[in-house]
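Student: Below is the sequence, then the predicted model.
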Amino acid sequence: MELNMINSKINWFGDFLGLGYHVFDVRPTVYLIFDNKRKLVNAWNQMIKYWPDDEIKMRFFEGDVNYEFILCCQSRILQETNVFLKSLKISDHYKQFMEEYIGSASLQLAVYSPKNKTYELEIFKFKKKITDLKFLKKQDVDDDLVILQAREKLGSKENC
């Protein structure tokens, strides 16, 4: 399995706004938040919908004020690995999600739209179940090659 991931094409995707969290449900939810519907629909239709739920990996590498978010999976149908990655500020919502997490989470997609002095968050029904989710410290090492490469990419962006 790991050998296939090494040999497959890797697509890096950081063109999303950030994450949202909802913990008051049967299973806590992580929302990938986009700034327009086209990006969201393309991400779902061209990548995420082909991911087997039990093979999706979600990692949070926590530092002092920021954390690195990595979401990845290999699609056997598309014969490629897709990785969403972003460095984000630690928020109260993130901390609450971390406390409420009990073994699995849902992944959903949403579009953030500013409206005058407020905003609108449109949540889509697309959903995946995540069971391979880990909260780690920034200095921790993950033994997955794709995760290691994603962390290197995030590290090089911070140093620019």
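Tutor: Perfect, I can see it now. Residues are numbered from 1 along each chain as shown.

Student: Can you list the buried residues in stretch 94-102?
Tutor: Residues 94, 97-98, 101 are the ones in stretch 94-102 that count as buried (16 or more other Cβ atoms under 10 Å). (Glycine included, C-beta is placed from N, CA and C.)

Student: Can you pick out the ones from those that are in helices?
Tutor: Using DSSP state H, 94, 97-98 are the members of those that sit in helices.

Student: Any chance of the residues you listed in a markdown table with pLDDT as columns?
Tutor: Shown next, in a markdown table, are these (pLDDT from 0 to 100):
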| residue | pLDDT |
| --- | --- |
| 94 | 97 |
| 97 | 96 |
| 98 | 95 |
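
Student: could you redo these as TSV and give each row distance to residue 112?
Tutor: Below are these laid out as TSV (distance: Cβ to Cβ, whole Å):
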residue	distance to residue 112
94	17
97	18
98	22
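
Student: Residue 150 and residue 69 touch, don't they?
Tutor: No. Counting by Cβ atoms under 8 Å, residue 150 does not reach residue 69; the two are 9.5 Å apart.

Student: Mind listing the shared neighbours of those two?
Tutor: residue 85 (Cβ atoms under 8 Å, 6 or more residues apart in numbering).

Student: Compare neighbour counts for those two and give me the winner.
Tutor: residue 150 (26 against 23; other Cβ atoms under 10 Å).

Student: Determine the three-state secondary structure at the more buried one.
Tutor: Secondary structure, DSSP: H, G, I helix; E, B strand; the rest coil: residue 150 is helix.

Student: Give me the distance between it and residue 70.
Tutor: For residue 150, the distance to residue 70 equals 5 Å [Cβ to Cβ, to the nearest Å].
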